[in-house]
Each structure stands twice: as C-alpha cells, then as structure tokens.
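**Student:** sequence? don't have it. structure:
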C-alpha cells in the first residue's frame with residue numbers, strides 16, 4: 001500500500017523533473033544558500049512556530065537534499081533507497097494518525113526553504129495539505145529602495161500586526177490599505193478571532209479567484225490585489241460573513257467593474273485606476 005503511494009508520488013516527481021529539463025531549468029529544489037551567495041542580507045530573526053502555506057515552500061536551505069526531490073517536493077529517489085523507506089514510514093504515520101511535528105524553515109522574501117522536514121513536506125504535499133506547522137527563521141534583505149524591497153518590508157510590518165503570511169501584493173502601499181480595510185488602526189494588533197475570520201474570507205475569495213471565470217480579471221494581479229479591489233467595493237464587516245454564493249455575486253460585480261476600468265485605461269492609460 002505505502003509502496004504504491006511512493007511509486008505514484010515518484011512518478012509525479014519524475015514527470016515534473018523531465019518537464020523542467022525540457023524547458024531548460026533545473027529539475028531539483030532551489031537552494032537558499034546558493035541564492036544568498038549572490039545577495040546581501042541584514043540579519044535574521046526568529047518568528048517562532050507558525051502555520052505556513054505549502055505553496056510558499058519552494059526549496060531547501062542547503063544542497064544536501066536538493067536532488068532527492070523535484071521542485072514541488074515529490075520524491076525522485078529509487079524505491080529501494082533509504083530515502084524511500086523513510087518516506088513510506090512517514091506515509092504510514094500520516095495515514096494512521098497524521099503528521100504533527102513542525103518542520104524547520106527559513107523565510108526569505110516571502111518564500112520558505114526547508115532545513116528539517118523535507119520528507120514531511122513531500123508526504124503532506126502529495127496528500128494535498130494546504131498548511132504545515134513550522135519553526136520559522138526570517139532572513140532580512142537589505143533595504144535598497146527597490147520595489148521588491150519596499151513591498152517586502154511593508155509585508156514585514158503587516159505580519160507583525162496580523163500574523164498573516166499567505167497573501168501578497170504586486171504594488172507598494174497595499175498591505176497598509178488592507179490593514180485599514182479590515183477596520184484596524186495603523187498600529188493595532190489582530191486578535192485570533194480577526195485572523196480566523198479573515199482566513200475564512202480570504203480562502204473563500206481565493207477559491208472564486210482561482211476559478212476559470214476569473215482568468216480575465218487576473219492579469220498580473222495576485223489574489224491579494226483582487227481581494228483589495230473587492231474590499232474597495234464592499235465593506236469588510238459585511239462581506240466577512242458572506243456565504244460563498246453571496247461572495248460570488250459580489251465577485252461578478254467586481255469583474256464587471258474591472259472590465260469597465262480596463263476599457264477606460266486602454267483608451268487613456270493616464271486615467272487608469274488599477275495601479276492604486
């Protein structure tokens with residue numbers, strides 16, 4: 001049973017690796033040490049234990065494990081290896097009682113790199129887990145005035161207040177706008193109830209935004225960008241309690257409004273409203 005699961009997971013990994021190679025990229029996990037070798041950083045800080053999104057776990061801290069897993073953390077090693085045996089043991093543990101031990105990761109520029117727990121990530125990703133508990137250490141980039149740096153440090157400030165780590169914006173100023181949109185004063189901390197309610201709303205909205213009908217709205221916008229447009233139209237205190245059907249009705253209004261704004265922007269880019 002567990003061998004069959006490993007074989008299925010490995011097939012996914014081999015397929016992904018082949019696709020990456022065909023496109024001229026590396027089939028293996030990105031290595032944070034190699035990324036940092038070309039960057040200047042300004043220190044580290046411990047964030048303690050947090051649930052982190054599986055989709056933001058993108059690599060490994062060091063090169064030791066990089067070739068055992070594909071870029072999506074699917075296994076690549078043959079089924080008679082020690083790695084495969086340990087993967088299958090974790091698979092059994094997950095199916096019998098669940099995997100609860102936190103992994104250890106470094107966060108750099110809003111992505112996570114695994115120090116300990118590569119196989120736990122692999123097994124849980126194979127079974128479709130959305131989040132995983134992790135001991136997180138943040139590596140701070142240098143404040144160099146670039147767009148990426150400005151947005152990242154706005155995220156750092158937002159995270160300090162909210163504890164929310166799963167959304168992102170494509171332009172500066174939007175984390176503060178979101179903080180205000182949910183009814184918070186500039187330095188007001190979010191409560192656990194605030195986080196729970198917001199996650200429920202964000203999850204429901206992102207489900208709609210990921211639907212095929214939303215592709216026209218997407219462009220280069222993140223889910224966070226689209227959600228902020230939604231909150232420009234609808235009051236958060238109202239929509240945070242919406243059902244999925246109510247959210248969808250509002251989303252259709254957003255889609256219509258976006259189409260009108262896009263048409264105006266195409267006629268006269270200087271009057272475009274979407275870059276706010």
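**Tutor:** Good, I have the coordinates. Predicted, not measured: the structure shown is a model, and the values here were computed from it.

**Student:** So which residues of this structure form helices?
**Tutor:** For the chain, the helices defined by DSSP state H occupy 2-22, 32-36, 82-96, 118-126, 147-162, 174-181, 192-209, 215-218, 223-233, 236-239, 244-267.

**Student:** Turn those helices into JSON lines, including mean pLDDT.
**Tutor:** Shown next, in JSON lines, are the helices of the chain (pLDDT from 0 to 100):
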{"stretch": "helix 2-22", "mean pLDDT": "96"}
{"stretch": "helix 32-36", "mean pLDDT": "96"}
{"stretch": "helix 82-96", "mean pLDDT": "96"}
{"stretch": "helix 118-126", "mean pLDDT": "97"}
{"stretch": "helix 147-162", "mean pLDDT": "97"}
{"stretch": "helix 174-181", "mean pLDDT": "97"}
{"stretch": "helix 192-209", "mean pLDDT": "93"}
{"stretch": "helix 215-218", "mean pLDDT": "50"}
{"stretch": "helix 223-233", "mean pLDDT": "91"}
{"stretch": "helix 236-239", "mean pLDDT": "94"}
{"stretch": "helix 244-267", "mean pLDDT": "73"}
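
**Student:** Just tell me which of the ones you listed ends up closest to residue 54.
**Tutor:** Closest of the helices of the chain to residue 54 is helix 118-126, at 5.6 Å (criterion: CB to CB). (C-beta placed from N, C-alpha, C; glycine too.)

**Student:** elements contacting the closest one?
**Tutor:** Using 3 or more CB pairs under 8 Å, 6 or more residues apart in numbering; DSSP states H and E, the elements in contact with helix 118-126 are helix 2-22, strand 57-60, helix 82-96, strand 131-141.

**Student:** what packs against the shortest one?
**Tutor:** This points to strand 57-60. helix 32-36, strand 111-116, helix 118-126.
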